[in-house]
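> Pasted the sequence and its predicted model underneath.
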Amino acid sequence: MGLNALREACLDSGAVEFSRPMQMSSLTDFPKDMWRTIRRFWPLLLVLALAGAWVWFAFVLSDAQGRLDLPRGYSIRMTCEDDPEADLWRGGCERLEADIAARGTPSFLELFRAFVVVHHGPTPQEAAASSAGTSEPGFDLDRALAGQRYGLAIERHEFEGVQARAHAEAVKVAIDERDRALLVIERAGLSMPPLIAGAAANLVHPGTMMRGAVKYVDVLRGRAKHSDLVTGGSGRR
């Protein structure tokens, strides 16, 4: 049997059909089928898209937070380093000796807690507010902070309104807690574990996320700096 005869026999029996019309039909029907699927499941698709955007922004915010936390943690180390004039400001560094000497990569839980303390907890001034009481006779804040790192300009605003020794000590304790957290983040560096831990901390604190989202819009519109995502977005420092 010749090739032409075999071809005619196959076509007559219906064993072989041209695929081009079928392919064209599939290409034509695909957009229609896709549109029907979108119309049918659009609420679910919308929720998934919003959830994805929310998680993405948690990582964006975590990256901005971590990049600003690193120099803050490093500055704590520098402040507490040996220096010929260190007696002018090193008071209080002994409280952080173990944290400064710590080595190795912090665990995920340590990083998570550190991000919560630095970016989602109260400021030292707010944390010590419960210790505020009546004015202590003869109390001098300048003298109480003399020779201590707490008296440096970067920390001094936390003592605004302090009029008693007990209140000042409470602020110092809160500053120590925050600085220990900053040292944990600084020790981890720019790596994936702190990025994930920071994003997780952001996801469980939606208030900070919302403020950060508003600030992010301002950044895109040129009305704010990227660093404002942390300082202005979280409403802290």
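Great, that's in hand.
> by contact count, what packs against the biggest helix by length in the chain?
In the chain, ranked by residue count with DSSP state H as the criterion, the top helix is helix 20-79. If you count contacts as 3 or more C-beta pairs under 8 Å, 6 or more residues apart in numbering; DSSP states H and E, helix 20-79 packs onto helix 165-188, helix 192-203, helix 206-220, helix 228-231. Every residue, glycine included, has its C-beta placed from N, CA and C.
> which helices and strands does the very next helix or strand once past it pack with?
Next in sequence after helix 20-79, counting helices and strands by DSSP states H and E, comes helix 97-101. The contact analysis (3+ C-beta pairs under 8 Å, 6+ apart) places helix 97-101 against helix 165-188.
> Centre of the chain to the helix it packs on, how far?
19 Å (C-alpha atoms, centre = their mean, to the nearest Å).
> Identify each buried residue in it, please.
Going by neighbour count (16 or more other C-beta atoms under 10 Å), the buried part of helix 165-188 is 167-168, 170-172, 174-176, 178-188.
> quick one, what contacts Ser75?
Ser75 sits next to Ile154 when contact means C-beta atoms under 8 Å, 6 or more residues apart in numbering.
> can you tell which of the helices and strands packed on helix 20-79 is closest to Leu111?
helix 192-203 (3.6 Å; C-beta to C-beta).
> now the angle between helix 165-188 and that closest one, please.
Note on geometry: by axes from the mean of the first three to the mean of the last three C-alpha atoms, to 10 degrees, helix 192-203 and helix 165-188 are set 130 degrees apart in direction.
> Buried ones in helix 192-203, by neighbour count?
Pro193, Pro194, Leu195, Ile196, Ala197, Gly198, Ala199, Ala200, Ala201, Asn202, Leu203.
> how close does the closest residue to the second one other than its chain neighbours sit to Ala174?
Read that as Pro194. Sequence neighbours aside, Ala188 is the residue nearest to Pro194 in space, at 4.2 Å (criterion: C-beta to C-beta, 6 or more residues apart in numbering). According to C-beta to C-beta, to the nearest Å, Ala188 stands 22 Å off from Ala174.
> what do you get for Pro124?
From Pro124 to Ala174 the distance is 4 Å (C-beta to C-beta).
> Which neighbours do the two have in common?
Applying C-beta under 8 Å, 6+ apart, one finds that Pro124 and Ala174 are jointly contacted by Glu158.
> how many neighbours does Phe115 have?
Other residues near Phe115 number 26, with proximity taken as other C-beta atoms under 10 Å.
> Please verify my assumption that it contacts Gly198.
Yes: at 4.6 Å, Phe115 counts as touching Gly198 under the criterion of C-beta atoms under 8 Å.
> so what's in contact with these two at the same time?
With contacts taken as C-beta under 8 Å, 6+ apart, the residues that reach both Phe115 and Gly198 are Ser62, Gln65.
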